[in-house]
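Visitor: Need coordinates for the following:
(one chain, ligands or ions: 1)
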Amino acid sequence: MRRTVVFLKVVNSATRFHIFGVFKHKVQSDAVKSMVKVHTRRHHTARMMDVKTTKVSKARYYIFKLFLCLRYYLDLLIDRLFGIYYDSKREYIPKVKNQLVLESATALARKIQRRELTSVQVVEAFIERIQQVNPIINAIVDNRFEDALSEARQIDQDIANGTIQEVDFQDKPFLGVPFTSKESTAAKGLSWTFGLKKRQGKKASFDAHCIESMKKSGAILLGVSNVPQLNLWQETSNPVFGLTRNPYNTTRNVGGSSGGEAAILAACGSPLGVGTDIGGSARIPAFMCGVFGHKISNSIVSTKGLTYRTGEEEETMVCVGPLARHVDDLLPFIKLLAGSNADRLNLGLQVPVKKLKVYYVTNPKDPLMSPFREEMHSVLLKAVRHLEGLCLEKPQELVFEQLQHQYKLWKYWMSLEMKNFRKDLNNREGDVNAVWEIIKHFLFGGDFTTATVFNLINGFLKPVNSVWAVEVTQSLKEAFLTKLDDNSVLLYPSAPFPASYHNAALLRPYNFDCFALWNTMKFPVTQVPMGLGKEGLPLGVQVVAAPDQDRLCLAVAKELEREFGGFVPPVIVADK
Ligand SMILES: CCCCCCCC/C=C\CCCCCCCC(N)=O
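Guide: Sure, this is the predicted structure:
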């Protein structure tokens, strides 16, 4: 048959590292060549590189196809069953009354500067919107509305009497504009529990570095938003504050861990959200709630005050992840958060999108993930086709064998970050007893969510071989970096399907793998909303660039926003 299927086995004798895969013949030869090249160049000790290609039987190929097909129908069945429970519980958020809350933060700042609006008017509009939607979506869990209003009054007064002048707006792009942040990020005087019962009632006594930067620039903090326990899940729910609901459909997941942020932005209760991202935490919720989310290049913004982090930790995958409804807000937002490190990002350089080289991956062929649904696949191709029409060079598809290991690679690097996990769950007052907590959870419930218990169970599963993980991470990074430079981007899928019903992620825990990969690689990424799918839920793609080339992600995000409409306010049917 023309589309010959081959079974590929690459054995690196030094590490006994085996990769198996099923490919179409055309793809296979390139994949083998690139892997062998990378490995022989990097690891001189691995002199014996044995590459075999063997024809697999048709039976093997069809068994693999059958497996994918069964998973596809299993996913549909899960959705059908969850739907029976949740569909009747759907609620609707009210219509936007004050159109001001739909504007970008940049536009609002400009209007405040030109005295077309006062900061008080803007802050009041967002407070009113939060009060309308929060009882339904449960996104904001603690607020400082009174303080926010008095800060706004002060700014208005300073503008009126000339204490704040035009020049001040140059360095302070969001002067007088409100923003929100995650509850797990320290904001002085506001709740700081990370969803842990043990910390219930605890308030932060200082501002995280990123909050300090925002406040210094004259942006006004309205409140903090809900997170999963210790930020470690792809849905936002915890026993302290409960479950956050998606404004597009309240029976659906908002993602995690910056789920409260994405939800309140999508519901138009805040123009800017300070998220964080260690495995997709800014981008998963941005995708599910149809807003922009950006994972900044690593070690640009201090991690001080993000959960227990002091900012002194060496080597971490955690990044601050700004969220916004309009791309134009992201660049000044990143610049502001980056502070003196902003120079590294060359954000001022113009990016002629036409001249960019575009790469794309249609399917990482990760066996742990659900099969991609048609609408997700076609939205990626729509973006590719659009750039094909615009750019001088034709976009090129990439196939890297190592992508099937997205989760394992992330799990390895994550295990280095989670060394204190049991202590962290106990507010760093000694370890929790993992076995007892797991038993207790399933017998009588307890202080932890099922997601947290899954993370505890995960700790007992076989660890990932470190030599293997370091080697494959390195080879994959190099493979990407042979393509990505200061003039190229990669379009990458976000997830197999849009936001699922609440709790369904427990049955499909690895569907966040396409986000986590970029934490492992430490590349910057923008999650771009691409309209609504057939169930009225946001679709999207990720735009990836080489380290410190964040501006390329933003330029392509801007182009996609222009062409496909970007953020679409939730379909408001409250008055139906
Ligand atoms: C029956 C128990 C099976 C346990 C399987 C557990 C699988 C856990 C997989 C992924 C867990 C973490 C997901 C975290 C997403 C976090 C996003 C972020 N904070 O950036």
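
Visitor: drop to CA atoms for contacts and neighbour counts, all remaining ones
Guide: Fine.

Visitor: what residues does this protein put near the ligand?
Guide: Taking C-alpha under 6 Å from any ligand atom as the measure of proximity, the chain contacts the ligand at 231-234, 256-257, 277-281, 454-455, 457-458, 509-510.

Visitor: Show only the entries of the residues you listed found in strands.
Guide: Among these, the residues falling in strands (DSSP state E) are residue 277.

Visitor: Inside helices: which ones of the residues of the chain next to the ligand?
Guide: If you go by DSSP state H, these have 454, 455, 457, 458 in helices.

Visitor: Dump the residues you listed to CSV, plus pLDDT and neighbour count.
Guide: Below are those laid out as CSV (pLDDT from 0 to 100; neighbours: other C-alpha atoms under 10 Å):
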residue, pLDDT, neighbour count
454, 98, 14
455, 98, 15
457, 98, 13
458, 96, 12
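
Visitor: closest to residue 558 among those?
Guide: Distance to residue 558 across those (C-alpha to C-alpha) is lowest for residue 455, with 36.6 Å.

Visitor: Which residue, other than its chain neighbours, is closest to the closest one?
Guide: Using C-alpha to C-alpha, 6 or more residues apart in numbering and skipping the chain neighbours, the partner closest in space to residue 455 is residue 232 (8.0 Å).

Visitor: who are the neighbours in contact with the one you found?
Guide: Residues in contact with residue 232 (C-alpha atoms under 8 Å, 6 or more residues apart in numbering) are 256, 257, 451, 452, 455.

Visitor: Hmm, the second one is touching residue 234, no?
Guide: What that stands for is residue 257. Yes - counting by C-alpha atoms under 8 Å, residue 257 sits close enough to residue 234 to count as a contact (5.9 Å).

Visitor: Show me which of these two is the more surrounded one.
Guide: Counted by other C-alpha atoms under 10 Å, residue 257 and residue 234 do not tie: residue 257 has more neighbours, with 33 against 28.

Visitor: Give the full set of residues in contact with the more buried one.
Guide: 227-228, 231-236, 276-277, 281-282, 284-285.

Visitor: what about the residue nearest to residue 196 when sequence neighbours are not counted, neighbour count?
Guide: Taking C-alpha to C-alpha, 6+ apart as the measure, residue 196 lies nearest to residue 229, with 6.0 Å between them; neighbours along the chain are not counted. By the other C-alpha under 10 Å criterion, the neighbourhood of residue 229 contains 26 residues.

Visitor: so what's residue 229 up against?
Guide: Under the criterion of C-alpha under 8 Å, 6+ apart, the contact partners of residue 229 comprise 194, 195, 196, 237, 238, 448, 449, 452.

Visitor: I'd like those laid out as TSV, including secondary structure and pLDDT.
Guide: Putting the contacts of residue 229 into TSV (DSSP: H, G, I helix; E, B strand; the rest coil; pLDDT from 0 to 100) gives the following:
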residue	secondary structure	pLDDT
194	coil	98
195	coil	98
196	coil	98
237	strand	98
238	strand	98
448	coil	98
449	coil	98
452	helix	98
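
Visitor: ok, so of these, who is nearest the ligand?
Guide: Distances from the ligand to those, taken as C-alpha to the nearest ligand atom, are shortest for residue 452 (8.6 Å).

Visitor: So the closest one versus residue 260, what's the distance?
Guide: As for residue 452, its distance to residue 260 is 18 Å (criterion: C-alpha to C-alpha, to the nearest Å).

Visitor: can you check residue 244 too?
Guide: Here the distance between residue 244 and residue 260 works out to 6 Å (C-alpha to C-alpha).
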